[in-house]
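Student: What shape does this take:
(2 chains)
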Amino acid sequence: MAEYRPSVIEPKWQRIWEEKDYYKTDESGRKKYYVLEMFPYPSGRLHMGHMRVYSIGDVLARFLRMRGYSVLHPMGWDAFGLPAENAAIEHQVHPATWTYKNIETMKKQQKMLGISYDWEREVTTCNPEYYKWTQWLFLLLYHRGLAYKKKAAVNWCPRCATVLANEQVEDGACWRCGEEVTVKDLEQWFFRITDYAERLLDDLKLLDGWPERVRIMQENWIGKSTGAEIIFTVQGSGEEIPVFTTRPDTLFGVTYMVLAAEHPLVEKLTAGTPREAEVRAFVEKTRKQTEIARSSMETEKEGIFTGAYCINPANGEAVPILVGNYVLMGYGTGAVMGVPAHDERDFAFAKKYNLPVRVVIQPPGMPEGTVELTEAYTGDGVLINSGRFNGMPNTEAKEAIVAYLAERKQGSPKVTYRLRDWLISRQRYWGTPIPIVYCDRCGVVPVPVEQLPVILPDDVVFKVGGQSPLAEHADFVHTSCPQCGGEARRETDTMDTFIDSSWYYFRYTDPHNTSAPFDREKADTWVPVDQYIGGIEHAILHLLYSRFITKVLHDAGLTAAVEPFTRLLAQGMVNKDGAKMSKSKGNVVSPDEIIAKYGADTGRLFILFAAPPEKDLDWSDRGVEGCFRFLKRVWRLVDRYADTVQSKCAGNEPDEADLALRRAFHAALKKVTEDIEERFNFNTAISAIMEAVNAAYSYQNTKGDNINASVMGEVLELLVLMLAPFAPHLGEEMWERLGKTGSVHMQSWPRYDPDALQVNEVEIVVQVNGKLRGRLMVPAGLDAEAMQKMALEDERILQHTTGKQIVKVIAVPGKLVNLVVR
RNA sequence: GCCGAAGUGGCGGAACUGGCAGACGCACUUGACUCAAAAUCAAGCGGGCCUUGCGCCCAUGCGGGUUCGACUCCCGCCUUCGGCACCA
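Tutor: Numbering: from 1, shown residues only, chains lettered A, B, ... in the order given. Sure thing, here's the model as predicted:
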């Protein structure tokens, strides 16, 4: 008997798959299914997280092909990014060289895992054939008024020497390197994602195939809040200060106004006054506080009086204007009305600076004015101290007061979002050049589409801490104006790599198109992606950007899709010994090691068996051994009977043991099918196959050499077909061993035989007062009444019922009888 | 602080619609095979109690509730993890 040797059979089948081009996308127009795993950054070598996500995707792709779908299952490379540039600086190797070498290595590893990709559709974002269309996309946004340049206070990572989008700052630190982010005033390119805020929020409703937590995270990130903009006027000068509030009903309770340190009016209000120096000192101190300190609840709320007053449009009262460190210029209008009685922050602030507190919402059931507030009351109630609105429930007053203000042009309903525009320029070399030219005569000029791509030059100098190498590349910078032909300078910033990855799933549908990013008809055939699989770390970043870009493409008439990903699986992490794998902890296990020791099939099987896909998984060397043992068990079983089942044609009439074996395999098939298709529970699917194999072993033990060859032939065929998506190489080898022709992966997924599941007798449970007291074998399909009778007559049950009164009997056919006694 | 997810044997996990808690795997124990070991095959494996019986009691983070019946539903709490957080 030959031994199971993955190191021999795996390369064998990988070679055959490649030669026969099995995984080329079938475009015959059957029902389609687009399975996509997030494409990787080519960092060097695959890690276990990659192995997990590809294993999940591949099982699905292989299963769905067997189910008769045309499956699109492509792979590519998110190949621009900082690590390549850092490697260039450290090791004096060009980012392109470094990147392409990594791609080669990782692609080889993916092939060794036996993943069924259509490699003809491979895309690489740093290839000019790809980034040409990323530039084209930029121009599309530019011409639609969705790309603009402005000077703004932006997040700057000193270590990466570049700016970052808001989504890319986590807890005040750079998402990539963890360095504390500072603020810089810079002229930068933005995408107007805020124009799409409402649709991005609204269409979350369409994504019921996404995990709820991801939808909630996006909802929080977009951060819609509904309220009003109210205009206060500066006493004396008549300057207007608009404020945003969600509580216009508390307008009569305003006792002060606070401006952000960056608010333009601060300078105007204090210039030339005795308070100028003090206020300026405060502003400077505040602006020096880091982003972390300023946005932390721990930081003491501080403010300073400007000396000026403004008029509350509701009651004409003058209230003092302060500058405060807790007011953010980037949200709302950069000015806040202070209502200490009904806002916790305002309350604390007012107590600290002895500002008056005026109650305007009366809590229900509390007599007016009798209680001194010890904390802000933020609940609902009836208005008091609010002139003509007294007595009105505050929920009504919200609208009524805004309507009143609107009539006088002193306010209007307003919706604000936390989401900011997407800052997309990066002061780095290894990215897609922004196709813009600056001309002294014509100003900002987009590069015409015919002149794309703007090629990233190879011959640049990398140094530590300098500005972008592009800015120092004279030949790149100097160009002529596409409009007037005069001398001009190129934009030297490159695009955020999240733009590259925001549309790649469209490119897969038409990867070699040289006249457009993709053909609409081809894109509409496949997009939206039916099942997207990737890490939860992209819950906001990549997934939000991709949704935005899809909507832009839709609006431009380039795709019918309004959302890119119908279903999303956020796969869990792969840990070891309860902790994230890391070099410093010395607990790293690599896919290479596993392939070398056990083969790809064992590794894939274990990674799917150890936990459901969305949960974190703890790597266990022992557990892998177990899966290896299981595959060897399968191998031996098939090997032992392969010849027998082929030589015998006429089988005997099946006996009870034969029927039980058939039942075991058809039940497993039913479960495997449902677990993959409906629940994505690969772990329980695999355990069902294991159970069936165990049943085959005990059948072998009972029957010895007298097995029923035709039944054995049937179940072995089912076994190989069921296992094939999980262990594709072993599947092929066993299929061949059984004397079958063609690839096992090109077979139809088998259907279970309902007759095989039939049983004559079923075991039911008898409970007394809900406690298990006995089991009975009863004929299948026995009705409730008969079951009840049998239960009551059972000797063991009588021990628990004698001398007691039977109050009630519950009988569930096929399941149980419960006797309630007293 | 707010939002969300999770908590089940020594371990990973299962129990899908309220109906046998612990499938499957790991670890462990025992037996067979062997000169021996490995591999393999077979059996056992939540805790407690005794009267050793297809016995009884306890047990799914804790405390209540609904129900004939709760890992599952409801209320309150604890712990862990994740996200957001001066957002006006």
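Student: Where does the prediction get shaky in the stretch 551-700 of chain A?
Tutor: Where the stretch 551-700 of chain A drops to pLDDT under 70, the residues are A:648-651.
Student: which element is the residue in it that RNA strand B sits nearest to on?
Tutor: RNA strand B sits closest to residue A:626 of the stretch 551-700 of chain A, with a gap of 2.7 Å, by C-beta to the nearest atom of the strand. No exception for glycine: its C-beta is placed from N, CA and C like everyone else's. Assigned by DSSP states H and E, residue A:626 belongs to helix A:621-647.
Student: what's the closest residue to residue A:287 other than its chain neighbours in contact with, if anything?
Tutor: For residue A:287, ignoring the flanking residues on the chain, the nearest one in space by C-beta to C-beta, 6 or more residues apart in numbering is residue A:261 at 5.6 Å. For residue A:261, the contacting residues are A:282-283, A:286-287, A:323-325, A:327, A:329, by C-beta atoms under 8 Å, 6 or more residues apart in numbering.
Student: Buried ones among those residues?
Tutor: A:282-283, A:286, A:323-325, A:327, A:329 (16 or more other C-beta atoms under 10 Å).
Student: In contact with the closest residue to RNA strand B within the stretch 651-800 of chain A, which residues are there?
Tutor: For the stretch 651-800 of chain A and RNA strand B, the shortest gap (C-beta to the nearest atom of the strand) falls at residue A:770, measuring 2.8 Å. Shown in contact with residue A:770 (C-beta under 8 Å, 6+ apart): residue A:818.
Student: Could you list which of the contacts of residue A:261 also contact RNA strand B?
Tutor: A:325, A:327, A:329 (C-beta under 7 Å from any atom of the strand).
Student: now, which of those sits nearest residue A:204?
Tutor: In terms of C-beta to C-beta, no member of these lies closer to residue A:204 than residue A:329, at 28.5 Å.
Student: where does the closest one land in three-state SS?
Tutor: Three-state assignment for residue A:329 (DSSP: H, G, I helix; E, B strand; the rest coil): coil.
Student: Ok, residue A:671 next?
Tutor: helix.
Student: same check, this time on the one 4 residues further on
Tutor: Per three-state DSSP, the secondary structure class of residue A:675 is helix.
Student: just checking, it touches residue A:682?
Tutor: Yes. At 7.0 Å, residue A:675 counts as touching residue A:682 under the criterion of C-beta atoms under 8 Å.
Student: So these two - more neighbours on which side?
Tutor: More neighbours surround residue A:682 than the other of residue A:675 and residue A:682, with 27 against 18 (other C-beta atoms under 10 Å).
Student: what sits against that one?
Tutor: Residue A:682 makes contacts with A:56, A:59, A:608-609, A:612-613, A:675-676, A:726, as judged by C-beta under 8 Å, 6+ apart.
Student: Is it possible to get CSV of the contacts of residue A:261 that adds secondary structure and pLDDT?
Tutor: Below are the contacts of residue A:261 laid out as CSV (DSSP: H, G, I helix; E, B strand; the rest coil; pLDDT from 0 to 100):
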residue, secondary structure, pLDDT
A:282, helix, 90
A:283, helix, 89
A:286, helix, 83
A:287, helix, 78
A:323, strand, 93
A:324, strand, 90
A:325, coil, 87
A:327, coil, 89
A:329, coil, 86
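Student: of those residues, closest to residue A:200?
Tutor: Nearest to residue A:200 among these is residue A:329, at 23.6 Å by C-beta to C-beta.
Student: what phi and what psi does the backbone show at the closest one?
Tutor: phi -70, psi -30 (degrees, to the nearest 10).
Student: ok, it - contacts?
Tutor: Contacts of residue A:329 (C-beta under 8 Å, 6+ apart): A:153, A:260-263.
Student: Can I get the buried part of the residues you listed as one ChimeraX selection?
Tutor: To isolate the buried members of the contacts of residue A:329 in ChimeraX, using 16+ other C-beta under 10 Å:
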select /A:260,261,262,263
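Student: from the contacts of residue A:329, which are also near RNA strand B?
Tutor: Answer for the contacts of residue A:329 near RNA strand B (C-beta under 7 Å from any atom of the strand): residue A:260.
Student: Okay, and which of the contacts of residue A:329 map to strands?
Tutor: Within the contacts of residue A:329, residues falling in strands by DSSP state E are A:153, A:260.
Student: Now pLDDT too, for the contacts of residue A:329, in CSV please.
Tutor: Shown next, in CSV, are these (pLDDT from 0 to 100):
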residue, pLDDT
A:153, 80
A:260, 91
A:261, 89
A:262, 87
A:263, 91
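Student: Which pair of the contacts of residue A:329 spans the longest distance?
Tutor: Greatest spatial distance among those (C-beta to C-beta): A:153 and A:263, at 12.5 Å.
Student: Which positions in the stretch 351-500 of chain A make contact with RNA strand B?
Tutor: Near RNA strand B, when you scan the stretch 351-500 of chain A using C-beta under 7 Å from any atom of the strand, you find A:416, A:418.
Student: again, 6 Å this time
Tutor: Neighbours of RNA strand B within the stretch 351-500 of chain A, by C-beta under 6 Å from any atom of the strand: residue A:418.
Student: Pull the contacting residues for the closest residue to RNA strand B within the stretch 351-500 of chain A.
Tutor: Nearest residue of the stretch 351-500 of chain A to RNA strand B (C-beta to the nearest atom of the strand) works out as residue A:418 at 3.8 Å. Neighbour list for residue A:418: A:221-225, A:331 [criterion: C-beta under 8 Å, 6+ apart].
Student: for residue A:758, same thing?
Tutor: With contacts defined as C-beta under 8 Å, 6+ apart, residue A:758 is in contact with residue A:780.
Student: go on, residue A:620?
Tutor: Applying C-beta under 8 Å, 6+ apart to residue A:620 gives the contacts residue A:610.
Student: just checking, next helix/strand downstream of the strand or helix carrying residue A:202?
Tutor: Using DSSP H and E, residue A:202 sits in helix A:197-202. Counting by DSSP H and E, the next helix or strand C-terminal to helix A:197-202 is helix A:212-222.
Student: Can that following helix be said to contact RNA strand B?
Tutor: Yes. Helix A:212-222 comes into contact with RNA strand B (C-beta under 6 Å from any atom of the strand), by way of A:213, A:216-217, A:220.
Student: I'd like these as a markdown table, with neighbour count, pLDDT and distance to residue A:449 appended.
Tutor: Shown next, in a markdown table, are those (neighbours: other C-beta atoms under 10 Å; pLDDT from 0 to 100; distance: C-beta to C-beta, whole Å):
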| residue | neighbour count | pLDDT | distance to residue A:449 |
| --- | --- | --- | --- |
| A:213 | 12 | 86 | 41 |
| A:216 | 12 | 87 | 40 |
| A:217 | 16 | 88 | 36 |
| A:220 | 11 | 88 | 38 |
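Student: Quick check on the residue nearest to residue A:287: phi, psi?
Tutor: Phi and psi for residue A:261, reported as degrees, to the nearest 10, are phi -60, psi -30.
Student: if I look at it, how far off is residue A:105?
Tutor: Residue A:261 sits 51 Å away from residue A:105, going by C-beta to C-beta, to the nearest Å.
Student: How about the contacts made by the residue nearest the centre of chain A?
Tutor: In chain A, the centroid-proximal residue (C-alpha atoms, centre = their mean) is residue A:539; its distance is 3.3 Å. Contacts for residue A:539 (C-beta under 8 Å, 6+ apart) come out as A:213-214, A:217-218, A:570.
Student: got it, and residue A:302?
Tutor: Listed by C-beta under 8 Å, 6+ apart, the contact partners of residue A:302 are A:282, A:286, A:324-326.
Student: go with 7 Å
Tutor: Listed by C-beta atoms under 7 Å, 6 or more residues apart in numbering, the contact set of residue A:302 reads A:324-325.
Student: Taking the contacts of residue A:539, tell me the two that lie furthest apart.
Tutor: The distance between the two most remote of the contacts of residue A:539 (C-beta to C-beta) is 12.3 Å, for A:218 and A:570.
Student: Same question for stretch A:755-766: list its buried residues.
Tutor: A:756, A:764, A:766.
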